[in-house]
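1. With the input below, show me the fold.
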Amino acid sequence: MELQKASNGHYDLSPDRSLENGFDALENLTDGDTFLPNKSNGKIETQFTDFEGKTSFGMSIFNLSNAIMGSGILGLAYAMANTGIIPFVILLVCIAILSAYSIHLLLKSAGVVGIRAYEQLGNRAFGPPGKILAACIITLHNIGAMSSYLFIVKIELPHVIHGLLEMPDNSDDWFVDGRYLIIIVSVLIILPLAFMKRLGYLGYTSGFSLSCMVFFLISVIYKKFVTECFVKHGNNKTVFNESIYNSTSDTCEAKMITINSETAFTIPIMAFAFVCHPEVLPIYTELRNPSKKRMQNVANISILAMFVMYLLTAIFGYLTFYGTVDSELLKMYSRNDTLMLCVRLAVLIAVTLTVPVVLFPIRRAVLQLLFPDKPFHWARHISIAVCLLFLVNLLVIFVPNIRDIFGFIGATSAPSLIFILPGIFYIYIVPEEQEPLKSRPKILAIAFVTLGFIFMIMSITFIIIEWVTGKKTSGAH
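-> Reported below is the predicted structural model:
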């Protein structure tokens, strides 16, 4: 007997298939009416019915690319300086491939059970504890990301205003106070975008955000060809040194391979450069004509585009300043440079427009935890956005340095979202009848989870070493 959904929402049983298959289909619907199993050419295909996606393929690429693009791009030249060009390129290629594979595991798990919510995958794999764990990890990670973006606004926007208005740096006017500026930016720009009903609507702002980062990349490339070799001095300023530039010193030479005390610290920065996994399933939900192949293509194109941007930024940033490059690339350029002033403004616009994209998965996680069976309601939608943005603003304004706190959270949440949870979901959700535990895909997934735990332990160890020794590392996503 075949289980079919009639127009009135009830299920009819038709004698096409066995009663056993009908019960199997009914069991698959226990997580909420999320999909209908259809039999096509002898193979069951999952059809999602939880949401009718309307976002185009191109807009989905913009949104996912914007989710991938983080503030960590400013530290990639520093990472290259501490690994060398060859190891950096190898690591970046490996991380991009691993990230695409991780998204493949997520999409495969979602396709098996017809669920396109990270939290519901956790619920299917481990019950309510898995759902709560996934929601908490997504919330903590994305709050950390939002805080890092608003910290950039708080620190850099006053400098941009000083430069545009040609004001002295010691000016204490309210409109150059970072605390007031993040409130203004949050209320006038971020909050209206966060009120959007669907993530797909942010495709236009994501496209503009990416264009700002392309402008940043073009400027970094241009500066490579007009900037002489610089040497950092004790006063933390960079000045041209003709004798060193013309000498046999290796200060201004590119290193193919570099190993120093900072090398190990830069690996986690690169490992988390492609973190976008909380946004993958929400974007999948809103994709027009959704299929695993179509969404995987969205992910692959987005990852490839960001890989090219990351690589070019790192290479040209490194070849401009070599071993003296700072952990935040923009600090290396003069604040009196009109072009770089515009670049700073473009980066600020880019990170500001990324905040609403990062907020959507948090709101979805809160809704999955607190209101799992409730239909969409504007009051809940708006109030959750206001509360989240209010909380993040409080953290950025009143906590002088939350970098260590969220660094520790990031060291645990990022490996979980990239490696551990997608792999474990895949292992538990894909039935053994389809792929036995000793099959090649399952073995690869187990190795992937193991790699995630290694990254987590390594990242936490680096943070503890930094706390103990007082060393500084550059920020990540």
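
2. from what I can see residue 374 touches residue 381, true?
-> No. Here residue 374 does not reach residue 381: they are 10.9 Å apart, not a contact under C-beta atoms under 8 Å. In short, each C-beta sits where N, CA and C put it, glycine included.

3. And these two? Which one has more around it.
-> A count of neighbours by other C-beta atoms under 10 Å puts residue 381 above the other of residue 374 and residue 381, at 15 against 9.

4. List the contacts of that one.
-> With contact set as C-beta atoms under 8 Å, 6 or more residues apart in numbering, residue 381 has these partners: 195, 197, 363.

5. Please report how far the residue lying closest to the first one once chain neighbours are set aside lies from residue 184.
-> In space, not counting the residues next to it along the chain, residue 195 is nearest to residue 382; the distance is 5.8 Å by C-beta to C-beta, 6 or more residues apart in numbering. Between residue 382 and residue 184 the distance, using C-beta to C-beta, to the nearest Å, works out to 19 Å.

6. same check, this time on residue 323
-> 39 Å.

7. more neighbours, those two?
-> residue 323 (17 against 12).

8. which non-adjacent residue is nearest that one?
-> residue 81 (5.5 Å).

9. That neighbour touches residue 257, doesn't it?
-> No. Applying C-beta under 8 Å as the test, residue 81 and residue 257 come out as separate, 12.0 Å apart.

10. what about these two, which has more around it?
-> Neighbours were tallied for residue 81 and for residue 257 using other C-beta under 10 Å; the higher tally belongs to residue 81 (27 against 11).

11. dump the residue contacts of that one.
-> Going by C-beta under 8 Å, 6+ apart, the list of residues near residue 81 reads 255, 258, 318, 321, 322, 323, 325.

12. Show me the helices in the stretch 301-450 of the chain, by range?
-> 338-370, 378-398, 403-415, 421-429, 440-469 (DSSP state H, counting those that start in this stretch).

13. now swap in the stretch 101-250 of the chain and tell me
-> 118-126, 128-165, 178-185, 191-194, 203-226, 242-246.

14. tell me what the second one is packed against?
-> Going back to what we said before, that points to helix 128-165. Packing partners of helix 128-165 (3 or more C-beta pairs under 8 Å, 6 or more residues apart in numbering; DSSP states H and E): helix 118-126, helix 178-185, helix 277-285, helix 338-370, helix 378-398, helix 403-415.

15. ranking these by mean pLDDT, which is last?
-> If the helices and strands packed on helix 128-165 are sorted by mean pLDDT, helix 403-415 sits at the bottom with a mean of 74.

16. pLDDT below threshold where in this structure?
-> 1-53, 168-170, 230-250, 401-407, 470-477 (pLDDT under 70).

17. what sits up against the strand or helix carrying residue 265?
-> Using DSSP states H and E, residue 265 sits in helix 263-271. Helix 263-271 is contacted by residues 72, 75-76, 78-79, 82-83, 88, 91-92, 95, 411, 414-415, 418, 455, 458-459, 462, 466, 471, 473-476 when judged by C-beta under 8 Å, 6+ apart.

18. what do you get for stretch 165-184?
-> 150, 153, 154, 155, 157, 158, 159, 161, 162, 393, 396, 397.

19. Which two among those are spaced furthest apart?
-> Pairwise distances across the contacts of stretch 165-184 peak at 22.3 Å for 162 and 393 (criterion: C-beta to C-beta).

20. So for the two, which sits in the more crowded spot?
-> Just comparing residue 162 and residue 393: by other C-beta under 10 Å the higher neighbour count belongs to residue 393, 21 against 18.

21. hang on, that one packs against residue 150?
-> Yes. Counting by C-beta under 8 Å, residue 150 is a contact partner of residue 393 at 7.1 Å.

22. which neighbours do those two share?
-> What both residue 393 and residue 150 touch, as defined by C-beta under 8 Å, 6+ apart, is the set 182, 186.

23. As TSV, the helices and strands packed on helix 128-165 with distance to residue 228 would be great.
-> TSV is the format used below for the helices and strands packed on helix 128-165 (distance: least, C-beta to C-beta, whole Å):
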stretch	distance to residue 228
helix 118-126	49
helix 178-185	32
helix 277-285	41
helix 338-370	16
helix 378-398	37
helix 403-415	33
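
24. Which stretch among those helices approaches residue 210 most closely?
-> That would be helix 338-370 among these, by C-beta to C-beta, at 7.5 Å.

25. now the closest one against helix 118-126, angle please.
-> 50 degrees (axes from the mean of the first three to the mean of the last three C-alpha atoms, to 10 degrees).

26. ok now helix 338-370, how far from the chain's centre?
-> 10 Å (C-alpha atoms, centre = their mean, to the nearest Å).

27. Show me what counts as buried in it.
-> Buried residues in helix 338-370, defined by neighbour count with 16 or more other C-beta atoms under 10 Å: 340-369.

28. just stretch 325-334 next, same as before
-> 325, 326, 327, 328, 329, 330, 332, 333.

29. Of all pairs in these, which one spans the longest distance?
-> Among the buried residues of stretch 325-334, 327 and 333 lie farthest apart (C-beta to C-beta), at 14.2 Å.

30. residue contacts, residue 101?
-> Contacts of residue 101 by C-beta under 8 Å, 6+ apart are residue 448.

31. what separates it from residue 361, distance-wise?
-> For residue 101 relative to residue 361 (C-beta to C-beta), the value is 21 Å.

32. count of residues packed around residue 191?
-> 18.

33. Pretty sure it sits against residue 387.
-> No. With contacts counted by C-beta under 8 Å, residue 191 stays clear of residue 387, the gap being 11.4 Å.

34. what do the two both touch?
-> Counting by C-beta under 8 Å, 6+ apart, nothing touches both residue 191 and residue 387.

35. And the strands in the stretch 1-150 of the chain?
-> 2-5, 11-14, 35-40, 43-48 (DSSP state E, counting those that start in this stretch).
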